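>>> what's the 3D shape of this:
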Amino acid sequence: MTRGRRFFHLLACLAFQPSAANADWQAVEKVQSYTIAGQSGPELYASIGERGPKLGPTRAIAHTSFKLTWSRKYEAQGDACVLVSALPKLAITYTLPKPAKPLPGATGEHWEAFIAGVHKHELVHGEFIKEMVRKIEAATVGLTVPGDPQCRKIKKEMTKRLGALSNAQRQQSRDFDRVELSNGGNIHQLILDLVNGG
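Numbering: from 1, shown residues only. Okay, here's the model as predicted:
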C-alpha cells in the first residue's frame, strides 16, 4: 500500500558523547505520543498522515529514536593504547499516535489492535538498537593500538568500527520495515484493518 509506505519511517539519531554510565547497563525506554483527530478508521489514518512526525519530506505513523553516550577509559600500556572499559548510557524513545477523544465501539477495537501492533513493531527497532550497543562493546573493549602512547590513533580506529556497526543496524531496520510494509506484511495488514474495518 503506497500510502502506508510513505507514512512509515524509522528515525534513529546517534550521538556519541562521553557520559557516565553504570557497569551493568540497561536501556531507559519511554513512550511519547502525538495527538490525532477522527472517529473512524479512515479519519484516524488521514490524521496520522497530516500530523505524524515529519521525517524529511514525509510523515511517519510512528518512530523510534535513541541517544547513546559513552564513558570510556583508555590506558597507555608501553607504546600502545588500550580501551580498558566502555560503559554505555542508552535512552530509547518510541513516538506513537494517540486519538484526541475516546473512540466508538468497533473503531475503538480496531484502533487498539492497530496501535498494539505498531508499538510491537517499534519495540523490535528498540531491540535492534540494544543489540548494536552490545556489538559496539564487544568490538571495542580491549581494543589495542600499537605505537599510540597518546591514545590518538585508537579513536580513529574506533570511529571506523562504530560507523560500520551503526550502518549495519540501520540496514537491519530498513530491511525489517520493508518486510512489515510489503503487501501482506504485518504493518500493511494493520493499516488495512484499521481503514477498512474501523
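>>> how close does residue 185 sit to residue 133?
Residue 185 is 27 Å from residue 133, where distance means Cβ to Cβ, to the nearest Å. To be clear about C-beta, it is placed using only N, CA and C from the backbone, and glycine gets the same treatment.
>>> burial measure for the nearest residue to residue 53 once chain neighbours are set aside, as a count.
Once flanking residues are discounted, residue 53 sits nearest to residue 60: 5.0 Å by Cβ to Cβ, 6 or more residues apart in numbering. Neighbourhood size, residue 60 [other Cβ atoms under 10 Å]: 22.
>>> again, but for the one 3 residues further on
Residues within reach of residue 63, counting by other Cβ under 10 Å, total 21.
>>> pLDDT score for the residue of the chain positioned farthest from its centre?
Taking Cα atoms, centre = their mean, the residue of the chain most remote from its mean C-alpha position is residue 78, at 40.3 Å. The per-residue pLDDT reported for residue 78 equals 94.
>>> Kindly report the same for the one 4 residues further on.
Per-residue confidence at residue 82 stands at 97 (pLDDT).
>>> what bridges to it?
Beta bridges link residue 82 to residue 75, residue 144, judged by DSSP bridges.
>>> chain center to the longest helix along the chain, what's the gap?
Counting by DSSP state H, the longest helix found in the chain is helix 105-140. Counting by Cα atoms, centre = their mean, to the nearest Å, helix 105-140 is centred 8 Å from the centre of its parent chain.
>>> Which elements pack onto it?
helix 41-51, strand 63-77, strand 80-99, helix 153-181, helix 186-197 (3 or more Cβ pairs under 8 Å, 6 or more residues apart in numbering; DSSP states H and E).
>>> Enumerate every residue touching the residue farthest from the centre of the chain.
residue 149 (Cβ atoms under 8 Å, 6 or more residues apart in numbering).
>>> sorry, back to before: tell me which of the helices and strands packed on helix 105-140 lies nearest to residue 32.
Of all the helices and strands packed on helix 105-140, strand 80-99 sits nearest to residue 32, with 5.4 Å by Cβ to Cβ.
>>> The closest one vs helix 105-140, what angle?
Relative orientation of strand 80-99 versus helix 105-140 (axes from the mean of the first three to the mean of the last three Cα atoms, to 10 degrees): 180 degrees.
>>> gap between strand 80-99 and the chain center?
So, by Cα atoms, centre = their mean, the centroid of strand 80-99 is 10 Å from its chain's centroid.
>>> Using PDB, write down the CA coordinates of it.
Extracted in PDB, the C-alpha atoms of strand 80-99 (Å, rounded to 0.1, in the frame of the first residue of the first chain):
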ATOM      1  CA  ALA A  80      50.300   1.000  22.900                       C
ATOM      2  CA  CYS A  81      46.900   2.400  23.800                       C
ATOM      3  CA  VAL A  82      44.100   0.100  25.200                       C
ATOM      4  CA  LEU A  83      40.400   0.800  25.700                       C
ATOM      5  CA  VAL A  84      40.000  -0.900  29.000                       C
ATOM      6  CA  SER A  85      36.300  -0.100  29.500                       C
ATOM      7  CA  ALA A  86      33.400   1.500  27.600                       C
ATOM      8  CA  LEU A  87      30.100   1.900  29.500                       C
ATOM      9  CA  PRO A  88      27.000   2.900  27.500                       C
ATOM     10  CA  LYS A  89      24.100   5.000  28.500                       C
ATOM     11  CA  LEU A  90      21.200   4.400  26.200                       C
ATOM     12  CA  ALA A  91      17.800   6.200  26.000                       C
ATOM     13  CA  ILE A  92      15.200   5.000  23.500                       C
ATOM     14  CA  THR A  93      12.000   6.900  22.800                       C
ATOM     15  CA  TYR A  94       9.100   5.400  20.900                       C
ATOM     16  CA  THR A  95       6.700   8.000  19.400                       C
ATOM     17  CA  LEU A  96       3.200   6.800  18.700                       C
ATOM     18  CA  PRO A  97      -0.200   8.400  17.600                       C
ATOM     19  CA  LYS A  98      -3.000   8.800  20.200                       C
ATOM     20  CA  PRO A  99      -6.600   9.800  19.400                       C
END
